[in-house]
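J.: can you look at this prediction? I've put the sequence above it.
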There are 2 protein chains.
Amino acid sequence: MMEHHADQLIFRAIADPTRRAIIDMLSSGDRSIGDIAAGFDMTRPAVAKHLAILKDGRLIDVEKRGRERIHRLRPDTLKSAASWINQFDRFWDDRLAKLKEVVEEKQ
Amino acid sequence: MMEHHADQLIFRAIADPTRRAIIDMLSSGDRSIGDIAAGFDMTRPAVAKHLAILKDGRLIDVEKRGRERIHRLRPDTLKSAASWINQFDRFWDDRLAKLKEVVEEKQ
DNA sequence: TTGACATAATACCAAAAGGTTTCGTATAAA
DNA sequence: TTTATACGAAACCTTTTGGTATTATGTCAA
């Protein structure tokens, strides 16, 4: 089951809780680095690093507007991660069905 | 949007490509550490550490059987990660619909 | 009982991650 | 034109991560 390099960048991007919080924040509207940093107890360069990693994972796009950089969540990329996770749906169903059988037997 | 510590352990567990490969491997059957290590170019202690992290994230269960430890994928835990990702479904749909509008306007 | 085997536990190492401070540059505003 | 602002980039520090090698322990098998 060979995996693409791009997938690894996505998983790396969502591995950090700060970056997931940034994703949550951007889902309610586009923001500059300063706006985002204001929501965290962290310096701007630190936030900028997180944003660079999110950009590497193609989870956000950046648009230069005047002296600001507006960060916008991409509407598609997270689906790659979702699809890996969802391949276990059949596994879950099978296992939970077996568990149900065992439980019902014991009654 | 406060997040549970347990969630962080799950994301940490799936962040590493070796651990995702182990998850894939275990989805086709339970295995001992030695079995798993045979599938990787890596020493047994290294694999054992990955398994410990997967266990912390409650993605696998371990059963002591004789002198072996059998590792079994849990059928439920990955759903927490899936649910975080899936909360963006509405966002994707909205954005893609808007993109479609823009594209059609330009034609 | 003795030897082989599966794993645990520990110590150790290099590289990556996550943060800071400092300084430089481009743009906006006075 | 001068000043303030938003950001980039680099240097640096500390902790975590992912790996190794080594040694110890418990269990099976001859």
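T.: Everything's here; your move.

J.: ok, A:Ile10 touching A:Ala81?
T.: Yes - using Cβ atoms under 8 Å, A:Ile10 is in contact with A:Ala81, at 5.2 Å. Where you see a C-beta, it was placed from the backbone N, CA and C, and this is true even at glycine.

J.: report pLDDT for A:Asp76.
T.: As predicted, A:Asp76 sits at a pLDDT of 86.

J.: apart from its neighbours in sequence, what residue is nearest it?
T.: Among residues not flanking A:Asp76 along the chain, B:Trp92 sits closest, at 6.5 Å (Cβ to Cβ, 6 or more residues apart in numbering or on different chains).

J.: okay, strands next: where are they in chain A?
T.: A:60-65, A:68-73 (DSSP state E).

J.: A:Arg12 against A:Gly57, yeah?
T.: Yes - judged on Cβ under 8 Å, A:Arg12 makes contact with A:Gly57 at a distance of 6.5 Å.

J.: count the residues that sit near A:Ser83.
T.: Look at A:Ser83: counted by other Cβ atoms under 10 Å in any protein chain shown, it has 11 neighbours.

J.: relative to A:Leu54, how far out is it?
T.: A:Ser83 sits 19 Å away from A:Leu54, going by Cβ to Cβ, to the nearest Å.

J.: contacting residues around A:Gly57?
T.: For A:Gly57, the contacting residues are A:Leu9, A:Ile10, A:Arg12, A:Ala13, A:Ile14, A:Thr77, by Cβ atoms under 8 Å, 6 or more residues apart in numbering or on different chains.

J.: need phi/psi at it.
T.: Main-chain torsions, A:Gly57, degrees, to the nearest 10: phi -80, psi 0.

J.: if I look at the closest residue to it other than its chain neighbours, how far off is B:Val47?
T.: Leaving out its chain neighbours, the residue that sits closest to A:Gly57 by Cβ to Cβ, 6+ apart is A:Ala13, at 3.3 Å. Using Cβ to Cβ, A:Ala13 is found at 25 Å from B:Val47.

J.: if you count what's nearby, which of those two comes out ahead?
T.: Using other Cβ under 10 Å as the criterion, A:Ala13 and B:Val47 rank with A:Ala13 on top: 25 against 22.

J.: so the more buried one makes contact with A:Leu51?
T.: No - with contact defined as Cβ under 8 Å, A:Ala13 does not reach A:Leu51; the gap is 10.2 Å.

J.: from the centroid of chain A, which residue is nearest?
T.: The residue lying closest to the centre of chain A (Cα atoms, centre = their mean) is A:Ile14, at 3.9 Å.

J.: give me every residue that touches that one.
T.: With the criterion set at Cβ under 8 Å, 6+ apart, A:Ile14 makes contact with A:Arg20, A:Ile23, A:Gly57, A:Leu59, A:Leu78, A:Ala81, B:Phe11, B:Ala15, B:Ile85.
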